[in-house]
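Undergrad: any chance you could fold what I've pasted below:
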Amino acid sequence: MTDSLTYTFTPDQSGERLDKLLADLFPEQSRAQWQRHIKEGSVHLNGQPVKASYRIEGDEQLTAVLPPVQETDLQAEAIPLDIRYEDGDMIVVNKAAGMVVHPAVGHESGTLVNAILAHCADIEGIGGERRPGIVHRLDKETSGLIVVAKNERALRQLQNQFRRRTVHKQYLALVEGQIQPAEALIDAPIGRDPRQRKRMAVIPPHSSATARAAQTEYRAQQYFDAHTLVACRPRTGRTHQIRVHMAYVGYPLVGDKVYGRRRQTLPIKRHFLHAAELGLKRPSDGQAIRLQAELPEDLQQIVAMLR
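TA: Numbering: from 1, shown residues only. You can find the predicted model right below:
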């Protein structure tokens, strides 16, 4: 079904661009989507088509007939999910290591998106298509909590929380060596490694267009003879941030084949990194929630062996 809406603009909204104001008033559609709807003639003011750049005068009557959410070529797959929270706007999953978040070349199926499509019959869709909205990402081999939006409005609200850095994120990592100091803030920009473009690296400020500020807090949780269990709280969300930062200060993650030691010191099949805590506000009512996910069995076995 199509979605129809009407709205009367007020004098205090005069001077605003139509597309920007519509995105503010009806955030379930992005500004780019509103621009497309206007261009396609789905939006009228006082019964007449209009341009996205039109400046509101303050008494116009808006009518809009929006197209229905379209099916995508993404396939729903009945993959078991460890769901830690769900409501009409979002779902929080304890992702298993080895699961890719979003379909891509080489990973067209078996992803978190495929699994959520099968699980969520009530999904409203993102960007005019029936697909979940990925708010943030976890590496394939990183386990733990990840939040996915069911509709455009929730996606934008959740993304804003991550952008404003109000989301609480805590990871557990096992690193090589007995880390010193026991608690610190790593403040080092991260960008593409100029020597190996598939890797990230700490880049001196202003030396590369890809370098972006990155900060990670860490605290030692437990010391072992040659390793440390560390709680990490990334203040920013750069690609591979924790893995790059811990390697940069000389304590790479156990099992990290990209940034870690060539010869691994423990029998582990993936890097030891788990998204253990996630705290944010629900898009529906602004209520703060905090979720936890215990270490998965493979990582628990490593810790038990060290103890």
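
Undergrad: quick check, central residue of the chain?
TA: Centroid check for the chain by CA atoms, centre = their mean gives His136 as the closest residue, at 0.7 Å.

Undergrad: any regions of the stretch 1-150 of the chain where pLDDT drops low?
TA: Across the stretch 1-150 of the chain, the ranges flagged by pLDDT under 70 are 1-3, 27-29, 68-73, 127-128.

Undergrad: try 50
TA: By pLDDT under 50, the weakly predicted segments of the stretch 1-150 of the chain are 1.

Undergrad: just the helices in it please.
TA: Secondary structure of the stretch 1-150 of the chain (DSSP state H, counting those that start in this stretch): helices located at 18-25, 31-39, 112-119.

Undergrad: buried sites along the second one?
TA: Of the residues in helix 31-39, those scored as buried under the neighbour-count criterion (16 or more other CB atoms under 10 Å) are 31, 33-38. For glycine as for every other residue, the C-beta is placed from the backbone atoms N, C-alpha and C.

Undergrad: picking up where we left off before, can you list the helices of the stretch 1-150 of the chain in a markdown table and add distance to Met90?
TA: Output for those, formatted as a markdown table (distance: least, CB to CB, whole Å):
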| stretch | distance to Met90 |
| --- | --- |
| helix 18-25 | 20 |
| helix 31-39 | 20 |
| helix 112-119 | 11 |
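
Undergrad: tell me which of those sits nearest to Gln75.
TA: In terms of CB to CB, the element of the helices of the stretch 1-150 of the chain nearest to Gln75 is helix 112-119, at 6.0 Å.

Undergrad: just give me how far the closest one sits from the chain centre.
TA: 16 Å (CA atoms, centre = their mean, to the nearest Å).

Undergrad: do stretch 180-192 as well
TA: For stretch 180-192, the distance to the chain centre is 21 Å (CA atoms, centre = their mean).

Undergrad: buried ones in it?
TA: Those would be 186, 188-192, for stretch 180-192 by 16+ other CB under 10 Å.

Undergrad: cool, and stretch 289-296?
TA: So stretch 289-296, judged by 16+ other CB under 10 Å, has buried residues 291, 293, 295-296.
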